[in-house]
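1. Let me see the structure of the following:
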Amino acid sequence: MSLTRRTVLKSLAAGVPLAAGSALSTLPVAAGGVREPAAIGRLAEKIEAAMAKYAIPGAGLGVWYRGREYVRGFGVTSVDTNEPVSADTVFRIGSTSKTFTATAIMRLVESGRISLDRPVRAYLPDFATQDESVAARVTVRQLLNHSAGWQGDYFEDTGQDTGALAKYVADMTKIPQLTPLGKVFSYNNAAIGVAGRIIEVVTGKPYETAARELVVDPLGLAHSRFFHSELGGFSVAASHNVVDGKAVVEPSFDAMPRALHSIGGLISSPRDQLRYARFHMGHPGFPRLLSDRARLAMQSHPGPGGTLFVELNGVGVTWMLRPTLQGPTVVQHGGDWNGQHSGFLFVPQRDFAITLLTNSETGPLLVAELFADDWALREFAGVNNLPAVPRELPARQLAEFEGTYVSQQIGFDGKPEELGLDVTADKGELAASASGQALFRFAFYRKDYALAQNPDGTPTHVRVNFVRGDDGQVEWLRYGGRLFRHHAAGARSTTTFRHRVL
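-> Numbers count the residues shown, from 1 in each chain. You can find the predicted model right below:
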């Protein structure tokens with residue numbers, strides 16, 4: 001799951017209920033008159049309550065539970081039209097698109113056209129980054145497990161023609177290297193863009209064409225497309241902002257640079273997303289696009305671990321691998337674009353999958369309740385997050401964490417932008433603010449790992465961790481999978497940015 005820093009910081013800073021924004025549907029009895037499990041009803045109630053609380057007009061749900069499929073819509077696609085959301089309403093799924101890119105890569109691996117452990121330059125001979133030694137050595141696998149080490153949030157708009165992705169990758173020399181190759185997990189949108197470009201070069205086709213031919217169409221995902229021009233006749237979820245507690249349609253949110261399609265551009269429905277989850281769980285009845293060995297390889301052998309709102313053992317081939325107290329691994333992703341926020345996970349050992357798609361800027365609040373918290377996992381799969389009981393630390397222990405933490409991104413215009421967090425010790429915890437606005441508190445539950453809480457101490461379901469350098473000093477804060485560089489207290493001022501981030 002990869003929430004936008006802008007959206008999450010705004011949501012956490014708010015931390016208050018919002019007014020209801022739409023009428024909501026209820027879950028009917030399952031097809032054939034079979035009564036649905038009580039847990040499905042409780043899930044529906046939870047979704048409806050959160051939609052009302054957070055002003056989310058519409059949501060699409062898909063659940064695989066106890067050998068049955070439950071797929072339907074809640075609320076409306078747009079507050080302007082009041083068209084009801086259905087199981088086939090399409091939303092932009094954001095970064096879950098990365099797993100489609102990886103699935104296409106794995107199909108090319110199995111056909112002998114790509115090797116995960118060969119250097120990128122075996123396929124892109126001119127590939128370059130700021131650090132020449134990294135550009136020469138980085139492998140396809142390191143692109144896909146987010147360990148390439150360069151700054152990952154690079155979103156320059158390079159146009160809408162078929163050369164957009166090639167130009168995006170050619171311009172990556174402007175991205176700084178943050179950590180040594182292969183050593184540290186840092187969520188890396190740009191690296192997946194490189195993977196998308198490899199697909200283009202190996203197949204000789206635009207990314208979108210190759211992804212449809214290799215994955216989308218063979219799986220029968222009839223409501224999954226990359227371009228709005230392909231959505232004629234579909235039920236489409238409009239993107240909404242929330243203004244004064246009410247959802248309003250925001251058409252400007254729909255724009256996305258074509259270079260980002262392999263990173264987060266797929267538009268899909270709850271029904272298609274659940275079908276995709278079942279394919280990756282190895283259910284029978286699906287085209288055998290991958291051998292079981294290749295499919296399971298995507299969900300194993302993780303790279304470096306850390307946090308991305310939850311704790312991760314690391315990332316396999318784009319799948320986030322999340323530990324549980326009981327042992328089964330949660331395989332997950334999720335994604336975000338302005339006004340479109342979603343969660344996606346499955347637990348193969350429990351034969352359980354869930355996907356939720358929302359059409360509001362406040363969608364991350366609902367997604368966090370179901371996907372970062374224990375609720376859905378406990379209710380349907382009988383597993384829990386690793387325990388996290390916060391405790392107060394003495395000021396002398398907190399002192400090494402104080403200072404300003406700065407993260408960068410490159411926006412649509414190609415210019416760098418920064419987000420800075422000022423962190424100070426306060427009553428046994430750390431208080432984080434930006435431009436003087438209190439955002440959240442970090443309450444440690446084990447060495448270098450903390451829960452992010454709202455300024456009033458209420459939970460956010462978000463976990464963060466601090467990363468130390470070779471000298472043992474605190475070098476980074478990892479928040480939302482991104483690295484914020486540590487500067488000693490008073491070393492620099494805080495600046496903020498507002499931009500679209502996958």
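
2. Provide a list of residues in contact with Ser342.
-> Residues counted as contacts of Ser342 (Cβ atoms under 8 Å, 6 or more residues apart in numbering) are 91, 93-94, 96, 334-336, 355-358, 363, 367. C-beta coordinates here come from the backbone N, C-alpha and C atoms, glycine included.

3. Okay, and the beta partners of it?
-> The partner list for Ser342 in beta bridges (DSSP bridges) reads Gly335, Leu357.

4. gap between it and Ala277?
-> 12 Å (Cβ to Cβ, to the nearest Å).

5. anything in contact with each of these two?
-> Common neighbours of Ser342 and Ala277 (criterion: Cβ under 8 Å, 6+ apart): Thr355.

6. where's the spatially closest residue to Gly339 that is not a sequence neighbour relative to Ala247, distance?
-> The spatial neighbour of Gly339 that comes closest, neighbours along the chain excluded (Cβ to Cβ, 6 or more residues apart in numbering), is Ser239 at 2.7 Å. As judged by Cβ to Cβ, Ser239 and Ala247 stand 10 Å apart.

7. Between these two, which is the more surrounded one?
-> The neighbour count for Ser239 versus Ala247, taken as other Cβ atoms under 10 Å, is higher for Ala247 (30 against 24).

8. For the stretch 351-500 of the chain, just list every one of the helices.
-> Shown for the stretch 351-500 of the chain, the helices assigned by DSSP state H, counting those that start in this stretch span residues 363-367, 375-376, 395-398.

9. Please identify the deepest-packed of the ones you listed.
-> helix 363-367 (a mean of 27; mean count of other Cβ atoms under 10 Å).

10. tell me how far that one is from the chain's mean position?
-> Counting by Cα atoms, centre = their mean, to the nearest Å, helix 363-367 is centred 12 Å from the centre of its parent chain.

11. for stretch 71-81, same thing?
-> With Cα atoms, centre = their mean as the basis, stretch 71-81 stands 23 Å off its chain's centre.

12. contacting residues for the residue nearest to Gly339?
-> Arg92, Val249, Glu250, Pro251, Phe253, Asp254, Trp337, Asn338, Gly339, Gln340, Asn359.

13. what pLDDT does it get?
-> In this prediction, Ser239 carries a pLDDT score of 98.

14. Kindly report the same for Met281.
-> 98.

15. what do you get for Val29?
-> At Val29, the pLDDT value in this model is 40.

16. same thing with Pro459?
-> According to the model, Pro459 scores 87 on pLDDT.

17. what's the answer for the one 10 residues further on, then?
-> On the pLDDT scale, Gly469 is placed at 95.

18. correct me, but it touches Glu475?
-> Yes - at 3.9 Å, Gly469 counts as touching Glu475 under the criterion of Cβ atoms under 8 Å.

19. If you count surrounding residues, which of the two has more?
-> Neighbour comparison, Gly469 and Glu475: the larger count goes to Glu475, with 17 against 11 (by other Cβ under 10 Å).

20. Can you give me every residue that contacts that one?
-> Val467, Arg468, Gly469, Arg485, His486.

21. For Ile410, state which of those residues is nearest.
-> Relative to Ile410, the closest of the contacts of Glu475 is Arg485; by Cβ to Cβ it sits at 15.8 Å.

22. Quick check: bridge partners of that closest one?
-> Val406, Trp476.

23. burial count for it?
-> Counted with other Cβ under 10 Å, residues neighbouring Arg485 total 16.

24. Can you report how many residues neighbour Gln437?
-> For Gln437, the count of nearby residues is 11 (other Cβ under 10 Å).

25. now do Asp131
-> Using other Cβ under 10 Å, Asp131 has 18 other residues around it.

26. Take the contacts of Ser342 and lay them out in CSV including distance to Leu143.
-> Listed next are the contacts of Ser342 as CSV, based on distance: Cβ to Cβ, whole Å:
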residue, distance to Leu143
Phe91, 26
Ile93, 20
Gly94, 18
Thr96, 17
Gly334, 19
Gly335, 18
Asp336, 20
Thr355, 25
Leu356, 28
Leu357, 26
Thr358, 29
Gly363, 28
Val367, 26
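
27. Nearest to Leu178 among these?
-> Closest approach to Leu178 among those (Cβ to Cβ): Asp336, at 21.6 Å.

28. That closest one contacts Gly94, correct?
-> Yes - with contacts counted by Cβ under 8 Å, Asp336 reaches Gly94, the gap being 4.5 Å.

29. roughly how far apart are the residue nearest to Gly339 and Leu477?
-> To Leu477, Ser239 is 30 Å away according to Cβ to Cβ.

30. cool, Asn313 as well?
-> 20 Å.

31. who's more crowded, those two?
-> Taking other Cβ under 10 Å, Asn313 and Leu477 do not tie; Leu477 has more neighbours (26 against 17).

32. Which pLDDT does the model give the more buried one?
-> Reported pLDDT for Leu477: 98.

33. Could I get the contacting residues of it?
-> Tyr405, Leu421, Val423, Val464, Asn465, Phe466, Val467, Leu483, Phe484, His486.

34. Can you say which helix or strand has the nearest residue to Met172 once chain neighbours are set aside in it?
-> Leaving aside its sequence neighbours, Met172 sits nearest to Thr129 (Cβ to Cβ, 6+ apart; 5.5 Å). Assigned by DSSP states H and E, Thr129 falls within no helix or strand.

35. wouldn't Thr129 be in contact with Ala136 here?
-> No - Thr129 is not in contact with Ala136 according to Cβ under 8 Å; the separation is 9.5 Å.

36. more crowded one of these two?
-> Neighbours were tallied for Thr129 and for Ala136 using other Cβ under 10 Å; the higher tally belongs to Thr129 (24 against 14).

37. count of residues packed around Val464?
-> With other Cβ under 10 Å as criterion, Val464 counts 24.

38. leaving aside the residues next to it on the chain, what's closest to it?
-> In space, and not counting its chain neighbours, Val464 is closest to Tyr479: 4.9 Å by Cβ to Cβ, 6+ apart.

39. Could you tell me how many residues sit around the one you found?
-> Neighbours of Tyr479 using other Cβ under 10 Å come to 28.

40. Show the contacting residues for it.
-> Neighbour list for Tyr479: Arg5, Thr307, Ser407, Leu421, Ala452, Val464 [criterion: Cβ under 8 Å, 6+ apart].

41. switch the cut-off to 10 Å
-> Counting by Cβ atoms under 10 Å, 6 or more residues apart in numbering, Tyr479 touches 5, 8-9, 307-309, 405, 407, 419, 421, 432, 440, 442, 450, 452, 462-466.

42. re the thing from before, with Pro125 as the reference, name the closest of the helices of the stretch 351-500 of the chain.
-> Closest of these to Pro125 is helix 363-367, at 40.1 Å (criterion: Cβ to Cβ).

43. and the closest one, what does it pack onto?
-> helix 5-14, helix 38-54, strand 58-65, strand 330-337, strand 340-347, strand 352-358, strand 459-468 (3 or more Cβ pairs under 10 Å, 6 or more residues apart in numbering; DSSP states H and E).

44. ok, 7 Å please
-> On a contact count with 3 or more Cβ pairs under 7 Å, 6 or more residues apart in numbering; DSSP states H and E, helix 363-367 meets helix 5-14, helix 38-54, strand 340-347, strand 352-358.

45. Tell me the buried residues in stretch 142-150?
-> Gln142, Leu143, Leu144, Asn145, His146, Ser147, Ala148, Gly149, Trp150 (16 or more other Cβ atoms under 10 Å).
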